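Trainee: What follows is a predicted structure for the sequence shown.
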Amino acid sequence: MDDIVGPLKTYLAKRDPSTIENFVFKLHVRVAFGSLLTCMCLVGAVQYLGSPINCISDGVPGGTLDLFCWIHSTFTVKSKQGVASDVYGVGSQHEVGLHQPHPGVQPPQGEELNHHKYYQWVIFFFFVQAMMFYIPRLLWKHAEGGLMKTLVADLTDPLIPYRPEERGERVLAIKKYFKEDLRTHGGYFINFFLCELLTLVNVIVQIYFTDMFLGYQFTTYGLEVVRMTTADPETRADPMNVVFPKVSKCTFHMYGPSGTVTKHDSMCILALNIINEKIFVFLWFFFVILAVVTALSLIYRILTISSLSFRVRVIKKNLHGRVKANMIQDVLTCPNHSWIDQIGDYWVMFLLSKNLPAIAMKELLEELKPIMNPTPQYGYPTLQKEETMPM
């Protein structure tokens, strides 16, 4: 199994040269992306499960019947699936699930059928979903343009705090960028905020996309599984058998010896649904939790936008309280910058505080204060180096 998940483990363990996003953003572009690709690999690992479908019927070769039913879908009888129980508040049909070996596998007799067409598309579905979760990262990396990687360079080296000369030269190079580069960072922050907003829109869209893919049975799927586990084992009906039946029916028509059409009623075992039902239970909880966490993250982002003191506290916390709040506030309130550009300054400083050692960040803030806010409030020590280091 390691040949399936091995490359994904390598991807998830891979460390970027610089941090350009927050934890919640990484949940989307790394954890969700990697999880969906893993699900795709598990579903595609037919060699571990055998044939995904096996159908039986008198007078029809097994291979031909399997191929036909896989392509043209199978079905179950809705009224015989044993899901309309008191547990879900629809009525009482416990005897349906108790007195038939395979829920939904009954002669149709004009009753409403539940066709199952999704299973041949599950692999492609997971691939499309994985790509949708990765798009915000592609957009942000393109908009970010490698700025953070250029600024921090080798300051991410864990030994840099113990090499003051190298650290000082790099800090002065970052100072030179802020002093001589004419660009502001308002657009830098707006691009990230839009990508962050896109992650929330995407996870909500994926929930409804999955619901549509499974015949509008996904939005309540996780809740029904939880309710089923707490119901009476003697009378409960399993919602996983409704969405992902292990046994279903298929009708095959062929010409008989006299040229007349004969109808063959077959029963199919869908072994792949043993994996599908577990995967989609996991995805239901994962998507819901991810949507909630992302919404909370956006509320947190709005707080940082609206409150200067909150922005100061965030950076001070990242630096473990080693820098005075007044110094951070001076750097974040450049009088020559508009409000949105000051928000952009905060976002750049936040990312720098995530990438640089606390001692290097402290030295950088001391160097930037006279540039960003030249009004003196108190003295700061400066690095005794000439600003000659190129970017």
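Mentor: Received, thanks.

Trainee: Can you spell out the domain ranges of the protein, please?
Mentor: 2-133+201-295, 136-187+296-372 (automatic domain parsing).

Trainee: Include distance to Leu194 when you put those into TSV, please.
Mentor: C-betas here are computed from N, CA, C, even on glycine. What follows is the domains of the chain, written out as TSV (distance: least, Cβ to Cβ, whole Å):
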stretch	distance to Leu194
domain 2-133+201-295	10
domain 136-187+296-372	8
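
Trainee: Using JSON lines, please lay out those domains together with mean pLDDT.
Mentor: JSON lines is the format used below for the domains of the chain (pLDDT from 0 to 100):
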{"stretch": "domain 2-133+201-295", "mean pLDDT": "73"}
{"stretch": "domain 136-187+296-372", "mean pLDDT": "86"}
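
Trainee: between those domains, which gets nearest to Phe193?
Mentor: Closest of the domains of the chain to Phe193 is domain 136-187+296-372, at 6.6 Å (criterion: Cβ to Cβ).

Trainee: gap between that closest one and the chain center?
Mentor: On the basis of Cα atoms, centre = their mean, to the nearest Å, domain 136-187+296-372 sits 27 Å off its chain's mean C-alpha point.

Trainee: Grab the longest helix from the chain for me.
Mentor: helix 273-306 (DSSP state H).

Trainee: for whichever helix or strand comes after it, packing partners?
Mentor: Where DSSP states H and E defines the elements, the next helix or strand beyond helix 273-306 is helix 308-318. Applying 3 or more Cβ pairs under 8 Å, 6 or more residues apart in numbering; DSSP states H and E, one finds that helix 308-318 makes contact with helix 273-306, helix 325-332, helix 339-355.

Trainee: Next, format these as JSON lines and append distance to Leu200.
Mentor: Below are the helices and strands packed on helix 308-318 laid out as JSON lines (distance: least, Cβ to Cβ, whole Å):
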{"stretch": "helix 273-306", "distance to Leu200": "5"}
{"stretch": "helix 325-332", "distance to Leu200": "26"}
{"stretch": "helix 339-355", "distance to Leu200": "18"}
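
Trainee: For the chain, which segments count as strands?
Mentor: Ranges of strands in the chain, per DSSP state E, are 54-56, 74-77, 113-116, 247-255, 261-269.

Trainee: looking at these, which is closest to Ile340?
Mentor: Nearest to Ile340, of all the strands of the chain, is strand 113-116, at 51.4 Å by Cβ to Cβ.

Trainee: quick revisit: now the longest helix of the chain: buried residues?
Mentor: Going by neighbour count (16 or more other Cβ atoms under 10 Å), the buried part of helix 273-306 is 273, 275-277, 279-281, 283-284, 286-287, 290-291, 293-294, 297-298, 301, 304-305.

Trainee: Also compute the angle for it relative to helix 339-355, please.
Mentor: Counting by axes from the mean of the first three to the mean of the last three Cα atoms, to 10 degrees, helix 273-306 lies at 120 degrees to helix 339-355.

Trainee: packing partners for helix 273-306?
Mentor: Going by 3+ Cβ pairs under 8 Å, 6+ apart, helix 273-306 lies up against helix 23-26, helix 33-44, helix 186-213, helix 221-230, helix 240-243, helix 308-318.

Trainee: what about 6 Å?
Mentor: helix 23-26, helix 186-213, helix 221-230, helix 308-318 (3 or more Cβ pairs under 6 Å, 6 or more residues apart in numbering; DSSP states H and E).

Trainee: how about these in a markdown table, adding distance to Leu351 and mean neighbour count?
Mentor: Formatted as a markdown table, the helices and strands packed on helix 273-306 follow (distance: least, Cβ to Cβ, whole Å; neighbours: other Cβ atoms under 10 Å):
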| stretch | distance to Leu351 | mean neighbour count |
| --- | --- | --- |
| helix 23-26 | 12 | 16 |
| helix 186-213 | 9 | 18 |
| helix 221-230 | 35 | 16 |
| helix 308-318 | 10 | 17 |
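
Trainee: Out of those helices, the one nearest Lys141 is which?
Mentor: Closest among these, once you apply Cβ to Cβ, is helix 186-213, at 9.5 Å.

Trainee: measure the nearest residue in space to Phe126 that is not next to it in sequence to Val225 for me?
Mentor: Distances taken as Cβ to Cβ, 6 or more residues apart in numbering place Met40 nearest to Phe126, at 3.9 Å, with adjacent residues excluded. As judged by Cβ to Cβ, to the nearest Å, Met40 and Val225 stand 22 Å apart.

Trainee: Ok, Pro370 next?
Mentor: 61 Å.

Trainee: before we move on, what about Leu368?
Mentor: Taken as Cβ to Cβ, the span from Leu368 to Val225 is 54 Å.

Trainee: same deal with Tyr346?
Mentor: For Tyr346 relative to Val225 (Cβ to Cβ), the value is 43 Å.

Trainee: And for Glu363?
Mentor: Distance, Glu363 to Val225, by Cβ to Cβ: 54 Å.

Trainee: and stretch 147-167, how far apart are its ends?
Mentor: End-to-end distance for stretch 147-167: 19 Å, by Cα to Cα, to the nearest Å.

Trainee: can you check stretch 27-34 too?
Mentor: OK, stretch 27-34 end separation, Cα to Cα: 10 Å.

Trainee: same check, this time on stretch 296-315
Mentor: First-to-last residue span, stretch 296-315, Cα to Cα: 19 Å.

Trainee: Identify the residues contacting it?
Mentor: Residues outside stretch 296-315 that contact it (Cβ atoms under 6 Å, 6 or more residues apart in numbering): 24, 325, 328-329, 343, 346, 349, 353.

Trainee: what's the closest of those to Thr184?
Mentor: Among the contacts of stretch 296-315, Ile343 lies closest to Thr184 (Cβ to Cβ), at 10.4 Å.

Trainee: Tell me who's in contact with the nearest residue to the closest one once chain neighbours are set aside.
Mentor: Closest residue to Ile343 apart from its sequence neighbours, by Cβ to Cβ, 6+ apart: Phe189 at 5.2 Å. Listed by Cβ under 6 Å, 6+ apart, the contact set of Phe189 reads 343-344, 347.
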